[in-house]
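# 3D, please:
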Amino acid sequence: MQRLLRSAGAFAAQSALSLVVLQFAAIDGAHIAHAQANEQERARAAQQRAAQQAAAQQQRAAQAQAAQQRAAQQRAAQQAAVQQQRAAQAQAAQQRAVQQRAAQQAAAQQQRAAEAQAAQQRAAQQRAAQAAQQQRAAQEQVRAQQRAAQAQAAQQRAAQQRAAQEQARAAQQRAGQEQARAAQQRAAQEQARAAQQRAGQEQAAAAQQRAAQDQARAAQQRAAQEQARAAQQRAGQEQAGAAQQRAAQDQARAAQQRAAQEHGRTAQQRAAQEQMRQKQRDMREQQRAAREQARAQQRAAQEQARAAAQSRRTTAPLGQSGQSGAEQNRPILGQERQTALEARGRREEVPSQRLREVQRQRQEQRQADRVVIREPDRRSIIRQNQHAFIRHDDNQRLARMVRAAQTARRGDTTALSFSSRNGARVFSEVDKEGHALRRYRRGRDGREIVLFDDRPFYAAGLGASFVDLSPPVYELPPEQYVIDYSTASEDEIYTALTAPPIEPLARSYALEEIRQGYQLRERMRRIELVDINFEAGSWEIAPEQYPKLERLARALNHILQEHPDEVFLIEGHADVLDSDIDNLTLSDRRAEAVAFILSQMFAVPAENLVTQGYGDEFLKADAGKINRRVSMRRITPLLRPQTAAVATSQPDALPAPAPAALDLSEDDRAFIAENLNYATEPGLGIGGISEGIRVPGGARLRSFPSIIRDRLPALATYRYFVSENEIAVVDPTRAEVVAVIEANR
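I've put the predicted structure just below:
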């Protein structure tokens with residue numbers, strides 16, 4: 001029995017031990033499965049953290065919760081297993097013989113507990129899988145949202161690109177349409193303007209005639225009152241201006257005297273050179289005076305012959321004449337006026353109210369050997385050596401012709417700017433005497449079209465120079481050189497205004513030289529506007545006269561469309577008043593009146609027009625309206641004879657900056673001598689020149705060509721002239737020779 005009992009006890013112990021081993025094996029398998037699940041979850045969590053932080057946080061929370069649950073279950077299972085093992089061991093030790101069934105029941109319970117635990121683990125794994133699936137679903141949703149956002153952004157970018165392209169195409173289409181419409185509008189406006197102007201002018205003329213009759217009486221009274229008040233105001237202003245000018249002139253003379261004294265003390269050698277040059281100039285003046293005296297004697301002889309021929313014509317049949325066409329067209333100078341007027345028997349006019357107002361406001365001032373008569377609107381008449389010449393301020397004329405003009409004063413220079421055609425900006429500069437210094441047009445692109453630039457001319461002290469040329473040789477029929485506007489076609493007008501000079505020109509000339517040089521102007525053809533009628537003794541043009549200028553305006557606008565740098569001179573002539581001074585100011589104002597109508601009524605750019613009155617100085621021998629005429633000619637070839645292209649320059653400040661210090665090496669001097677063209681350079685014949693001397697009279701300063709300026713940029717602000725076999729480099733701000741180079745003639 002005891003052996004049986006020991007066998008049964010050993011069997012029970014062995015069974016209990018096997019049960020315990022099985023329990024531990026089940027526990028180890030659960031641990032391994034949990035560890036593998038944890039590894040996979042951590043790997044997925046690492047990947048999920050990189051994609052979405054919020055989802056990773058949720059996953060970590062779920063994993064932490066699952067781990068806590070698993071740890072709690074494991075601890076509970078271990079504790080239960082330990083308790084069961086202890087109980088089984090105790091029970092086995094106490095009841096080895098009788099507790100086999102209890103051990104079996106305990107094993108069954110443990111198995112059921114293991115199964116329940118496995119079920120719990122499977123449930124936990126399912127919950128973890130569901131949580132992972134939910135996380136993947138959330139990640140997929142996030143990715144889907146990202147892809148949707150990217151797709152939406154791509155659609156927005158594509159839509160924006162399409163919209164930009166549509167806008168660009170629409171802008172291009174609008175620009176093309178605008179350009180086409182602008183071109184059509186300009187063409188239509190050009191076509192309609194003429195019709196509208198003709199119709200408007202005819203209607204305006206009729207309306208003005210009717211309105212003028214009704215308004216004339218009241219207007220005359222108001223005008224008389226306004227003119228009286230304006231006359232008083234202008235008289236006060238002119239007196240104050242004259243006083244200021246006299247004070248300024250006195251100060252200037254005092255300053256000049258002090259400067260001359262200082263200069264004389266420090267430059268005796270230069271003064272000696274100046275004396276030598278003065279002697280040479282005196283000799284030339286004496287020679288010129290001798291020539292003038294010979295011409296005067298010749299004119300007197302011709303006048304006597306003409307008077308004799310006139311006395312013979314009094315006995316000849318009506319319509320016959322002993323004069324040739326050339327003799328009839330010969331200019332008669334101012335001192336022969338009275339004889340010519342008596343021979344023609346012309347009708348004098350009475351000064352208008354406006355001209356009498358100008359007469360009352362004149363102020364006469366004697367300056368050395370000349371008399372200056374100042375009129376309103378900065379107009380001056382200079383009488384010197386029995387010769388009278390009128391000068392006006394070009395900026396005053398332009399300011400009256402344009403709108404919204406702006407004026408800026410810099411030192412002795414006054415600059416006027418205003419808007420012109422196609423959005424361009426025009427700049428016109430004059431000095432304190434009213435001399436036109438420079439005029440140019442600046443386009444929207446910054447490119448400048450220079451009409452003329454005479455600053456070097458005045459900087460060199462040549463403002464009082466006179467161009468003495470021999471009369472030109474006419475090889476053309478008179479009707480091709482002097483065009484009668486009343487019978488000429490538009491093509492004939494265009495041809496005359498674009499024709500080159502009738503004789504080659506040796507150099508370019510300043511605008512002041514052209515205005516005063518009769519023989520120089522005669523190198524260019526002219527249009528005689530003999531059918532333009534002015535009011536008696538006035539410079540006013542009746543509205544019914546405006547359409548007569550339409551053909552001339554069309555020709556001018558045609559030329560300026562092709563060559564926007566062209567300059568045209570409008571000359572006024574009058575012999576209708578007793579006083580040569582009155583004829584001079586009347587002719588100057590009549591020329592301005594024609595320029596005003598061309599600009600205001602027919603859109604001819606005001607900056608391309610220059611006006612000048614000559615009074616009764618250049619009368620014609622034949623009678624009729626020819627001596628109450630206005631004429632026009634192109635003077636661009638006189639300003640720029642060597643080029644017909646548009647000259648461009650970069651804007652510079654006023655006044656011109658002083659040149660930089662000049663240091664020329666021997667190689668530089670040789671390069672300059674080799675690259676200057678002497679073919680068109682006149683020889684002054686003034687003898688040797690040296691550094692430090694003033695620019696002699698008659699010298700025409702020129703800019704260095706571009707090939708020289710490119711190598712020697714410092715020469716861009718210097719000028720030069722040629723005398724015999726020497727090149728004089730000039731500082732234009734001081735009118736002084738700073739370097740002398742031997743020429744390679």
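
# can you count the residues close to residue 45?
Neighbourhood size, residue 45 [other Cβ atoms under 10 Å]: 19. Where C-beta positions appear, they are placed from N, C-alpha and C, glycine not excepted.

# which residues touch the nearest residue to it once chain neighbours are set aside?
Spatial nearest neighbour of residue 45, chain neighbours left out: residue 59 (5.0 Å); criterion: Cβ to Cβ, 6 or more residues apart in numbering. Residue 59 sits next to 41, 44, 45, 48, 131, 132, 135 when contact means Cβ atoms under 8 Å, 6 or more residues apart in numbering.

# among those residues, which are in strands?
Residues of the contacts of residue 59 located in strands (DSSP state E): none.

# Quick one, grab the pLDDT at the nearest residue to residue 522 once chain neighbours are set aside.
Nearest non-adjacent residue to residue 522, counting by Cβ to Cβ, 6+ apart: residue 472, 5.4 Å away. Residue 472 carries a pLDDT value of 79.

# For residue 472, which three-state class applies?
At residue 472 the chain is in coil, as set by DSSP: H, G, I helix; E, B strand; the rest coil.

# just to revisit the earlier point, and the residue nearest to residue 45, that's in a helix?
Yes - per three-state DSSP, residue 59 lies within a helix segment.

# Now do the same contact list for residue 584.
Applying Cβ under 8 Å, 6+ apart to residue 584 gives the contacts 381, 388, 389, 390, 613, 614, 615, 616, 617.

# on that earlier part again, can you check the pLDDT for the residue nearest to residue 45?
For residue 59, pLDDT reads 78.

# Can you give me the distance of it to residue 140?
Distance of residue 59 to residue 140, computed by Cβ to Cβ, to the nearest Å: 14 Å.

# How about residue 469?
Noted for residue 469: a distance of 100 Å to residue 140, by Cβ to Cβ.

# of these two, who's got more company?
Set residue 469 next to residue 140 and count neighbours by other Cβ under 10 Å: residue 469 wins out with 15 against 10.

# Could you report the neighbour count for the residue nearest to the more buried one when sequence neighbours are not counted?
Among residues not flanking residue 469 along the chain, residue 519 sits closest, at 4.2 Å (Cβ to Cβ, 6+ apart). Neighbour count of residue 519, defined by other Cβ under 10 Å: 13.

# a helix runs through residue 519, doesn't it?
Yes - assessed by three-state DSSP, residue 519 belongs to a helix.

# just checking, it touches residue 472?
Yes - contact criterion Cβ atoms under 8 Å: residue 519 and residue 472 qualify, at 6.9 Å.

# how about the residue nearest to residue 522, what does it touch?
502, 503, 519, 522, 523.

# For the helix or strand harbouring residue 586, output the C-alpha coordinates as PDB.
Element membership of residue 586 [criterion: DSSP states H and E] is helix 580-602. This file holds the C-alpha atoms of helix 580-602, laid out as PDB (Å, rounded to 0.1, in the frame of the first residue of the first chain):
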ATOM      1  CA  ASP A 580      11.100 152.300 -89.700                       C
ATOM      2  CA  ILE A 581      10.900 151.200 -86.000                       C
ATOM      3  CA  ASP A 582       7.200 150.700 -86.300                       C
ATOM      4  CA  ASN A 583       7.700 148.700 -89.500                       C
ATOM      5  CA  LEU A 584      10.300 146.600 -87.800                       C
ATOM      6  CA  THR A 585       8.100 145.600 -84.800                       C
ATOM      7  CA  LEU A 586       5.000 145.200 -87.000                       C
ATOM      8  CA  SER A 587       6.800 142.800 -89.300                       C
ATOM      9  CA  ASP A 588       8.200 140.800 -86.300                       C
ATOM     10  CA  ARG A 589       4.800 140.500 -84.800                       C
ATOM     11  CA  ARG A 590       3.200 139.500 -88.100                       C
ATOM     12  CA  ALA A 591       5.700 136.700 -88.500                       C
ATOM     13  CA  GLU A 592       4.800 135.500 -85.000                       C
ATOM     14  CA  ALA A 593       1.100 135.700 -85.900                       C
ATOM     15  CA  VAL A 594       1.600 133.300 -88.800                       C
ATOM     16  CA  ALA A 595       3.500 130.900 -86.600                       C
ATOM     17  CA  PHE A 596       0.800 131.100 -84.000                       C
ATOM     18  CA  ILE A 597      -1.900 130.100 -86.500                       C
ATOM     19  CA  LEU A 598       0.100 127.300 -87.900                       C
ATOM     20  CA  SER A 599       0.600 125.800 -84.500                       C
ATOM     21  CA  GLN A 600      -2.800 126.500 -83.000                       C
ATOM     22  CA  MET A 601      -5.000 125.800 -86.000                       C
ATOM     23  CA  PHE A 602      -3.100 123.200 -87.900                       C
END
